[in-house]
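Novice: Structure for this input, please:
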Amino acid sequence: MTDAQETAASTTAQAPSPDPGPAPVPLLEPREGIPAVTATGDALAEVVAAFAAGTGPVAVDAERASGYRYGQRAYLVQLRRAGAGTALVDPVGCPDLSGLGAMLDGTEWVLHAATQDLPCLREIGMVPGRLFDTELAGRLAGFPRVGLGPMVENVLGYALEKGHSAVDWSTRPLPEPWLRYAALDVELLVDLRDALEEELDRQGKLDWAREEFAAIAAAPPPPPRKDPWRRTSGMHKVRRRRQMAVVRELWTTRDQVAQRRDVSPGKVLTDAAIVEAALALPGDVRALTALSGYGHRMGRRQLEQWQAAVDRARALPDSELPQPGQPLNGPPPPRSWADKDPAAAARLAAARAAVTAHAEKLRLPQENLIAPDTVRRLCWEPPADPSETIVATALRGYGAREWQIEQTLPLLLTALTAAATPS
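Specialist: Numbers count the residues shown, from 1 in each chain. Take a look at the predicted model:
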């Protein structure tokens, strides 16, 4: 273990624990009250000017309408900055926030679970150059519960309202209690950031966190998912290729209808109903109607639409039916390694044990110390000459950050070489 590793291990010997002192203070109202919703160009220009005059990091949050609307677009954006106060911006009335995003260029954005909000913020022109993720900071600092509510309660001693996180944020006008909840979500975010930065610095992990935040900010948008219909809930029951084709046709038709109507796909047709039809392969609308999920509440036109999708799948030639599984992009499932490659299985077992033990010593989740997929790929196809330089290069190629390489390289080298040494 290097001197840097010894220092990190010693400074992380004690993980933060919730303060067992006074009960948390309920946070009921924003400091300056609930701001008016910004929904016009003129009002947005005032917000941009106010936040340009503000100082320090800017807290940012976004509310979506998951489960109600199609996609993951933002229906409210909340911001707070010292000297500017809080702003609630309506992306329906102000669909282009690129001017606001450009004004904040160079400013550190503070988000909680940043990867959840960044895609919908990117859609409306808001892309941070620098960020601080309070959820990820909590993980690295060793907090057992890293939701915003528990973090604010454990670190700052305040209790946030929890009642409106899953409401339909596409509702207009937004009710006042919802707006209060939204404003309070950014009320203490910068305070939380400051406290977590101090804690990470105390543990010797602040540079690690900065590397993680920089990686999130620099990451490109994820590519479209291949064959998203394969993620239909209950898909494991579908065994035959013809049945898989039915799932694909029904899923695709449902997605088109949901996008056209701007509603959540699950409100158009449930996953359970899709799987039910795939297993039954109904030959006509009457047979389809008898299945669960296609009852009397569904109109004739809808039923014909779903039956047409089933019929298309039934008519496909065998050559056009989907294959049972997706092509693997990487190693096979670890449960099969012992049969396919016992040496790889031994390497993986040794590497997992070492990484898990070190993560526990550092008081952080193993998956944050290094991605499990990275460990699997390295163990399945290790370099022919597993030297320090070559393995470090391989880890970088898999996306590992420098702090992760520093912490895990000796462990992984030992696992690769020890597993290859006859006992």
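
Novice: surely residue 216 meets residue 132?
Specialist: No - using Cβ atoms under 8 Å, residue 216 is not in contact with residue 132; the gap is 10.0 Å. Just so you know, the C-beta spots here come from the backbone N, C-alpha and C atoms, and that holds for glycine as well.

Novice: And the two? Which one has more around it.
Specialist: It is residue 132, of residue 216 and residue 132, that has more neighbours when counted by other Cβ atoms under 10 Å, with 27 against 16.

Novice: How about the contacts made by the more buried one?
Specialist: Taking Cβ atoms under 8 Å, 6 or more residues apart in numbering as the criterion, residue 132 is in contact with 57, 108, 109, 110, 111, 193, 197, 209, 213.

Novice: Of these, which is the nearest to residue 253?
Specialist: Checking those against residue 253 with Cβ to Cβ, the nearest one is residue 111 at 36.0 Å.

Novice: Contacts only, for the closest residue in space to residue 28 that isn't next to it in sequence.
Specialist: Among residues not flanking residue 28 along the chain, residue 161 sits closest, at 7.5 Å (Cβ to Cβ, 6 or more residues apart in numbering). Shown in contact with residue 161 (Cβ under 8 Å, 6+ apart): 26, 27, 28, 180, 181, 184.

Novice: hmm, back to that, among the contacts of residue 132, name the ones in strands.
Specialist: Residues of those located in strands (DSSP state E): 57, 108, 109, 110, 111.

Novice: Setting aside sequence neighbours, what's the nearest residue to the first one?
Specialist: Using Cβ to Cβ, 6+ apart and skipping residues adjacent in sequence, the residue nearest residue 57 is residue 108, 4.3 Å away.

Novice: Give me the neighbour count for that neighbour.
Specialist: 17.

Novice: What of residue 370?
Specialist: Counted with other Cβ under 10 Å, the burial measure for residue 370 works out to 26 neighbours.

Novice: got the contact list for it?
Specialist: Counting by Cβ under 8 Å, 6+ apart, residue 370 has contacts 355, 395, 400, 404, 407, 408.

Novice: Now render those residues as TSV, adding secondary structure, distance to residue 136 and pLDDT.
Specialist: Supplementary listing: the contacts of residue 370 in TSV, determined by DSSP: H, G, I helix; E, B strand; the rest coil; distance: Cβ to Cβ, whole Å; pLDDT from 0 to 100:
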residue	secondary structure	distance to residue 136	pLDDT
355	helix	19	98
395	helix	20	98
400	coil	16	98
404	helix	13	98
407	helix	16	98
408	helix	18	98
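
Novice: Give the buried subset of those residues as a PyMOL selection command.
Specialist: The following PyMOL line selects those of those that are buried, judged by 16 or more other Cβ atoms under 10 Å:
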select buried, resi 355+395+400+404+407+408
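
Novice: and which of the contacts of residue 370 is nearest residue 363?
Specialist: For the contacts of residue 370, the residue nearest residue 363 by Cβ to Cβ is residue 407; the value is 12.7 Å.

Novice: and of the ones in strands among the contacts of residue 132, the nearest to residue 44?
Specialist: residue 109 (17.9 Å).

Novice: Burial check on that closest one, number of neighbours?
Specialist: 26.

Novice: Report the beta-bridge partner residues of it.
Specialist: Residues in a beta bridge with residue 109, per DSSP bridges, are residue 58, residue 131.

Novice: Okay, helices next: where are they in the stretch 151-300 of the chain?
Specialist: Secondary structure of the stretch 151-300 of the chain, counting by DSSP state H, counting those that start in this stretch: helices at 176-187, 189-203, 206-218, 241-261, 265-268, 271-280, 285-289, 300-315.

Novice: Out of those, which gets nearest to residue 369?
Specialist: With distances scored as Cβ to Cβ, the stretch of the helices of the stretch 151-300 of the chain nearest to residue 369 is helix 206-218 (9.5 Å).

Novice: Put the alpha carbons of the closest one into PDB.
Specialist: Output in PDB follows, covering the C-alpha atoms of helix 206-218 (Å, rounded to 0.1, in the frame of the first residue of the first chain):
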ATOM      1  CA  LEU A 206     -12.200  15.700  -1.400                       C
ATOM      2  CA  ASP A 207     -10.000  15.200  -4.400                       C
ATOM      3  CA  TRP A 208     -11.700  11.900  -5.100                       C
ATOM      4  CA  ALA A 209     -15.100  13.600  -5.100                       C
ATOM      5  CA  ARG A 210     -13.800  16.400  -7.400                       C
ATOM      6  CA  GLU A 211     -12.700  13.800  -9.900                       C
ATOM      7  CA  GLU A 212     -16.100  12.100  -9.800                       C
ATOM      8  CA  PHE A 213     -17.900  15.400 -10.300                       C
ATOM      9  CA  ALA A 214     -15.700  16.300 -13.200                       C
ATOM     10  CA  ALA A 215     -16.400  13.000 -14.800                       C
ATOM     11  CA  ILE A 216     -20.200  13.500 -14.500                       C
ATOM     12  CA  ALA A 217     -20.000  17.000 -16.000                       C
ATOM     13  CA  ALA A 218     -17.800  15.800 -18.900                       C
END
